[in-house]
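Asks: pasting the structure only:
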C-alpha cells in the first residue's frame, strides 16, 4: 500500500501505474482537485495543513480497513499539503481489485471517510479575504467526548 | 505534570499559537483540559466560543474521549472539524 503525505505535486500517473498487478481487473481512482470557487466566491488558491504524523497513521488505518471491508487487493492514498492552485490535485485515491464493483465502493468510502476523520484542514484564499473551510462534523464516536462535556458542565452550547 | 498542547486549523489562528506546554494536576482528563482552555479563552474575548463544541481531541496521535486520563509528556492535539472539503449540494 502506498500511503503518503507530500509537499510537492502528486505524480498521478505513477501512483495509478504503481497500484496495478497482474491479478487485477480494475483500478478505480478519485482525483480531488482545487475548484475555482466556493459558493460563487472566486478562489485564488488553497492552503492545506495537517497534523502530519496522525494524518498518516489515520490514512494507513483507512487503507487497511478498506482492504478488510471491501476485499480489494491494494489501495494507494496520497494527500498534498501547502499551497495549491486551481485545478491541482490535493488528494489521490486508487483502489485495485480483481473485479470493478468493490473498487468503486471502496474508493467512495475512502474519500468520504478521509474527509471526516483524517486531520487535514484547508484555508481558502479568495479575491476578497481568506477563511478556514467549515469542516464536516466529526463522527460521534470521535467527538462524543467533547460534546459530553457540554452536558456535564451544564454550559450553554453556542 | 506537563503536557504539550497542539492547535490546528482555525484554532491555531484564534489562539495565535501552534504549540503550548501546560502544567496540569495529576489525574487531569482530556475533558478537564478542554474546559480549562475554553475558560481561559472566554476570558480573552469572543470569537472562540463556537469552536469548543465541535472539537475532537487526540492524545499521542489517537482520538481520545473526554474521560481519558492524561500523563506526563502526553501530546494533546485540539482538532477542529477536518476539512478535506465538505460535499455541498449548492
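Replies: Nice, thanks for sending it over. As the structure is a computational prediction, the values presented were derived from the model and not from experiment. Numbers count the residues shown, from 1 in each chain, chains lettered A, B, ... in the order given.

Asks: state the mean pLDDT of the helix or strand hosting residue B:34.
Replies: Taking DSSP states H and E as the criterion, residue B:34 maps to helix B:30-43. Averaging pLDDT along helix B:30-43 gives 86.

Asks: by contact count, what packs against the helix or strand following it?
Replies: As assigned by DSSP H and E, the chain's next helix or strand after helix B:30-43 is strand B:56-59. The contact analysis (3 or more C-beta pairs under 8 Å, 6 or more residues apart in numbering or on different chains; DSSP states H and E) places strand B:56-59 against helix A:140-152, helix B:30-43, strand B:75-79. Quick note: C-beta positions are derived from backbone N, CA and C, even for glycine.

Asks: give me that answer again for 10 Å
Replies: helix A:52-70, helix A:140-152, strand B:2-7, helix B:30-43, strand B:75-79 (3 or more C-beta pairs under 10 Å, 6 or more residues apart in numbering or on different chains; DSSP states H and E).

Asks: how about these in a markdown table, adding distance to residue A:33?
Replies: Listed next are these as a markdown table, based on distance: least, C-beta to C-beta, whole Å:
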| stretch | distance to residue A:33 |
| --- | --- |
| helix A:52-70 | 19 |
| helix A:140-152 | 27 |
| strand B:2-7 | 28 |
| helix B:30-43 | 35 |
| strand B:75-79 | 25 |
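
Asks: relative to residue B:19, which of these is closest?
Replies: Proximity to residue B:19 (C-beta to C-beta) singles out strand B:2-7 among the helices and strands packed on strand B:56-59, at 5.6 Å.

Asks: show residues contacting the closest one.
Replies: A:51, A:54, B:12-24, B:28, B:33, B:37, B:57-59, B:70-80 (C-beta atoms under 10 Å, 6 or more residues apart in numbering or on different chains).

Asks: how about 6 Å then?
Replies: Under the criterion C-beta atoms under 6 Å, 6 or more residues apart in numbering or on different chains, residues B:15, B:17, B:19-23, B:70, B:74-78 lie in contact with strand B:2-7.

Asks: redo these as TSV? Include distance to residue A:128 and neighbour count.
Replies: Shown next, in TSV, are the contacts of strand B:2-7 (distance: C-beta to C-beta, whole Å; neighbours: other C-beta atoms under 10 Å in any protein chain shown):
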residue	distance to residue A:128	neighbour count
B:15	25	18
B:17	27	12
B:19	31	11
B:20	32	14
B:21	38	8
B:22	37	15
B:23	43	7
B:70	42	21
B:74	41	20
B:75	37	16
B:76	36	22
B:77	32	25
B:78	29	25
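
Asks: still on that earlier bit, which of the helices and strands packed on strand B:56-59 is buried the deepest?
Replies: Among the helices and strands packed on strand B:56-59, ranked by average contacts under mean count of other C-beta atoms under 10 Å in any protein chain shown, first place goes to strand B:75-79 (a mean of 23).
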